[in-house]
Each structure stands twice: as C-alpha cells, then as structure tokens.
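Chemist: Give me coordinates for this.
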Amino acid sequence: MRKMFGVGVLAVVLLLIITGNMMLIIPLIFLTILISVPLQISFALRIKKWEKRLKHRNITEDEFYDLYTDMKRIWWVPNHPKYWGRLKTIYFSSLHSRELTLAQKRELYKVLDGLSLQGIPYPQDRKNQHRPDVKWDAF
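Modeler: Reported below is the predicted structural model:
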C-alpha cells in the first residue's frame, strides 16, 4: 500500500512537470493533508490501545497475532516521544512474555525496527531455557 501511494505521488509530480500547470499544486497539498491526518490519528489510536492493554502485564500468544497484524498495518509513527515510549512498552511486554516463542519476538522486532524504533534490543535465546529447575529468566 505504501508503494501504491508513492507511485501515485510520483505520477502526479510527473503530470505537473509535463503539463506545467502550477494551479494543481494547491489541491494536491490539500488532498495530501486530507489523507495523511486521519491515517496518523488512526495509527496513534491503535498504538495507544495496545499500550493501555499491555502496560502492566505480558502479552499472551492469542493476543500476539492481533498485535502483529496491527503493527504491520502501521506505516509510520507520529514523531513524538509519547508514541515511541508506547511502542517500547508494547515491545518489552512481548519480550518478557514466556508464552511467545523466540521467532515471534523476532518477527515483532523486525516490524518495530522497520518503523525506526530506537533503543530496543534484539531478542536473544534464553540461557537457562534448558534448565527446568530455574524459574526466572532475563528475557
């Protein structure tokens, strides 16, 4: 979907260059604002919903698939520390979850890394996963 939007913008810019009609720029700017603002609001609300849900607990495996599809749909994150912190809360909730597999944690890492989220560690294999007598782990 992101590629389609980029191709559409490129086609409009080429049309402007070919026709030389500068009066098309004002409606295009208005149309871009009209499209991007509701998208940004929906992305922000989706992030806020997940952060509220996972603030004080770890994610379950049933919730992971919904979270993963929601995060895959997000194109960009509003550039504000509040939203970056919310994404980190969501990520660390999944990172510390005992119900998720390492592959699932790495899939979520790739999605959030694609959104340019800084300061999140790559999920590592647990050192004590083969020792059933140890009840705690770091990640």
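
Chemist: thought Tyr122 was touching Lys110?
Modeler: No - contact status for Tyr122 versus Lys110: not in contact, 9.7 Å apart, counting by Cβ atoms under 8 Å. Glycine gets a C-beta too; all of them are placed from N, C-alpha and C.

Chemist: And the pLDDT at His130?
Modeler: The per-residue pLDDT reported for His130 equals 52.

Chemist: typo on my end, it should be Lys135
Modeler: In this prediction Lys135 is given a pLDDT of 55.

Chemist: How about Ile120?
Modeler: pLDDT, Ile120: 89.

Chemist: again with Leu112
Modeler: pLDDT, Leu112: 91.

Chemist: again, but for Lys82
Modeler: So, for Lys82, pLDDT stands at 91.

Chemist: so which strand or helix has it?
Modeler: helix 81-95 (DSSP states H and E).

Chemist: Let me know the angle separating the host helix or strand of Asp62 from helix 81-95.
Modeler: Taking DSSP H and E as the criterion, Asp62 maps to helix 61-73. On the basis of axes from the mean of the first three to the mean of the last three Cα atoms, to 10 degrees, helix 61-73 is oriented at 140 degrees to helix 81-95.

Chemist: And helix 61-73, what does it pack against?
Modeler: helix 25-54, helix 81-95, helix 102-114 (3 or more Cβ pairs under 8 Å, 6 or more residues apart in numbering; DSSP states H and E).

Chemist: and the first one, which residues are buried?
Modeler: Read it as helix 25-54. Phe43, Ala44, Ile47, Trp50, Glu51, Leu54 (16 or more other Cβ atoms under 10 Å).

Chemist: so what's the spatially most central residue of the chain up against?
Modeler: Nearest residue to the geometric centre of the chain (Cα atoms, centre = their mean): Met71, 4.1 Å. Applying Cβ atoms under 8 Å, 6 or more residues apart in numbering, one finds that Met71 lies in contact with Ile90, Leu108, Val111, Leu112, Leu115.
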